[in-house]
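*Asks:* Have a look at this prediction, sequence included:
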Amino acid sequence: MQANKVHISEIIGSRYNVSSYKSSISSLYKSISQSKYRLCKLRDVAGFQAGYAFKSKDYIPNSDCKLITIGNIYKNDIDVTNTVYLPSEYYETYYNFRISKGDVLIAMTGATIGKLGVYSSDDKALLNQRVGMFIPKEIDALYLMSLLDTEIYQKIIKNKAGGGAQPNISESELMSIEIPVPTIETQNEIVALYNKAQEEKKIK
C-alpha cells in the first residue's frame, strides 16, 4: 500500500523546497507547472461563497445561531467557543451563508490573510464578511486546505492580495489560482499525511 507515502512536494512539483519558496513568484508558478498531475484553476474544481456583512446591532447574547468571523479561524480549525450570536431566524433568512460541518473557510483580509480552517462543529452557523468558504465540486475539501496551507500557496495568496496596511484578496483572484489535482485516492493519502502532521504539532 502507498498510504501516507505521497508527500505534498510530489504533488506541487520537484522544485518545491525552502529555496524556491524564498524565490520570486514566477519561480513558484514554474514549480507548480512541473507537477505531474493535471492543473486546474480553483474555480474549475470548487465553488466559493463570500461572507455577509452582518451588522453588530443584530448581535444578541445567545441563540442557536453562531456567527463565524475571521477571528474564529484558528490553527486549521474553527474555534466556536468564543462567538457572537444572531437571531435564530437568521439561519433560515440568510441560508446562502450557512456553514456546514466539514466546510473549509479562509481569511480574505488583514494580517492573517490566507489563514484556513475546517468547520468541525454541528452547531448552526453563518459566515461573516472577510471570510470565504470553498464549495468543493471535483476535489476533496481537506486536500484543498492542505494544499493551500503550504508555504508555496500561502505566498501566492499573499502576493495576489498585495501590500498595504489592510491587504485583501478578491474571490476572482483567489479562484484563479492554479492547483494540481491528483486522483481522489492520492488526495486521500495527502489528507492522511497532513492530519498526522497536524496532530504531531499539537503534541509538541
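*Replies:* Structure's in. What do you need?

*Asks:* Below-threshold pLDDT in the chain: ranges please.
*Replies:* Within the chain, the segments meeting pLDDT under 70 span 1-7, 13-23, 163, 202-204.

*Asks:* one more time with 50, if that's ok
*Replies:* Along the chain, the model assigns pLDDT under 50 to residues 1-4, 15-16, 18-22.

*Asks:* Please enumerate the strands of it.
*Replies:* For the chain, strands defined by DSSP state E occupy the ranges 38-41, 46-50, 65-68, 73-74, 76-78, 84-85, 104-107, 116-118, 124-127, 131-136, 178-181.

*Asks:* ranking these by burial, who's on top?
*Replies:* strand 104-107 (a mean of 24; mean count of other C-beta atoms under 10 Å). Quick note: C-beta positions are derived from backbone N, CA and C, even for glycine.

*Asks:* Could you save the strands of the chain as JSON lines and add columns showing distance to Asn168?
*Replies:* As requested, the strands of the chain are exported to JSON lines (distance: least, C-beta to C-beta, whole Å):
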{"stretch": "strand 38-41", "distance to Asn168": "20"}
{"stretch": "strand 46-50", "distance to Asn168": "11"}
{"stretch": "strand 65-68", "distance to Asn168": "19"}
{"stretch": "strand 73-74", "distance to Asn168": "16"}
{"stretch": "strand 76-78", "distance to Asn168": "21"}
{"stretch": "strand 84-85", "distance to Asn168": "22"}
{"stretch": "strand 104-107", "distance to Asn168": "10"}
{"stretch": "strand 116-118", "distance to Asn168": "17"}
{"stretch": "strand 124-127", "distance to Asn168": "17"}
{"stretch": "strand 131-136", "distance to Asn168": "11"}
{"stretch": "strand 178-181", "distance to Asn168": "21"}
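
*Asks:* what's the burial count for Tyr153?
*Replies:* By the criterion of other C-beta atoms under 10 Å, Tyr153 has 20 neighbours.

*Asks:* Tell me, how many residues neighbour the nearest residue to it once chain neighbours are set aside?
*Replies:* Using C-beta to C-beta, 6 or more residues apart in numbering and skipping residues adjacent in sequence, the residue nearest Tyr153 is Leu147, 6.2 Å away. A count of nearby residues for Leu147, using other C-beta under 10 Å, gives 25.

*Asks:* contacting residues for Glu138?
*Replies:* Neighbour list for Glu138: 40, 44-46, 181 [criterion: C-beta atoms under 8 Å, 6 or more residues apart in numbering].

*Asks:* repeat that with 7 Å
*Replies:* By C-beta atoms under 7 Å, 6 or more residues apart in numbering, the contact set of Glu138 is Val45.

*Asks:* ok so, going back, could you check how far the residue nearest to Tyr153 is from Val104?
*Replies:* Distance, Leu147 to Val104, using C-beta to C-beta, to the nearest Å: 11 Å.

*Asks:* And Ile73, by the same measure?
*Replies:* Ile73 sits 10 Å away from Val104, going by C-beta to C-beta.

*Asks:* quick one: common contacting residues for these two?
*Replies:* Leu116.

*Asks:* Identify each buried residue in the lengthiest helix in the chain, please.
*Replies:* In terms of residue count, the longest helix belonging to the chain (DSSP state H) is helix 184-203. Buried residues in helix 184-203, counted by 16 or more other C-beta atoms under 10 Å: 186-194.
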